[in-house]
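**Student:** Fold the following for me, if possible:
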Amino acid sequence: MVIWTGFGILIPIIFILGVGGGVFLENSIFGDAQNSGTRAICFSLGLALSSITCWFFHKSLVKKGTKTLLDKETGEDVVFKPSHSLFFIPMHWWGVIGAAVSSFLLFYGIKTLLGA
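**Tutor:** Below you'll find the model as predicted:
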């Protein structure tokens with residue numbers, strides 16, 4: 001069961017497209033001569049691109065959908081921001097999670113290529 005609010009359903013689609021782009025990049029550059037190091041590096045590049053996309057997409061959605069209303073009883077401004085989340089995690093935090101996994105994969109790929 002998938003639980004999302006707003007445009008949160010786009011999070012897995014963004015990550016699938018980003019990782020798919022990384023795999024396509026690996027296949028188009030290296031062809032059949034693939035090893036786990038190049039695979040991890042290309043995978044991490046696709047994941048990093050999708051993480052950045054997720055972060056900025058959330059920021060643009062919040063900026064576009066924010067509404068400010070005036071409360072007549074208190075005279076204060078009330079700000080309503082839209083919620084875009086997947087499994088109760090906001091969209092911009094999915095970008096941070098993806099970036100953390102991407103950096104781990106990048107270091108693993110470099111370590112594997114250097115043979116350390």
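
**Student:** Report the rounded mean pLDDT for stretch 101-114.
**Tutor:** The average pLDDT within stretch 101-114 is 92.

**Student:** quick one: contacts of that stretch?
**Tutor:** 35-41, 43-45, 47-48, 51 (CB atoms under 8 Å, 6 or more residues apart in numbering). In this view, the C-beta of every residue, glycine as well, is placed from N, C-alpha and C.

**Student:** And for stretch 47-59?
**Tutor:** Against stretch 47-59 from outside (CB under 8 Å, 6+ apart): 7, 10-11, 14-15, 17-19, 21-22, 84, 90-92, 94-99, 101-103, 105-106.

**Student:** Distance of the most far-flung residue of the chain relative to its centre relative to residue 47?
**Tutor:** In the chain, the greatest distance from the average C-alpha position (CA atoms, centre = their mean) is reached by residue 73, at 40.8 Å. Here residue 73 is placed at a distance of 48 Å from residue 47 (CB to CB, to the nearest Å).

**Student:** Next: residue 19.
**Tutor:** 6 Å.

**Student:** Against residue 78, how distant is residue 50?
**Tutor:** 34 Å.

**Student:** Please indicate which of the contacts of stretch 101-114 are buried?
**Tutor:** 37, 38, 39, 40, 41, 43, 44, 45, 47, 48, 51 (16 or more other CB atoms under 10 Å).

**Student:** From residue 78, how far out is the third one?
**Tutor:** Applying CB to CB, one obtains 50 Å for the distance of residue 39 from residue 78.

**Student:** can you check the second one too?
**Tutor:** Look at residue 38 and residue 78: by CB to CB, they are 52 Å apart.

**Student:** which one's the longest helix in this protein?
**Tutor:** helix 36-65 (DSSP state H).
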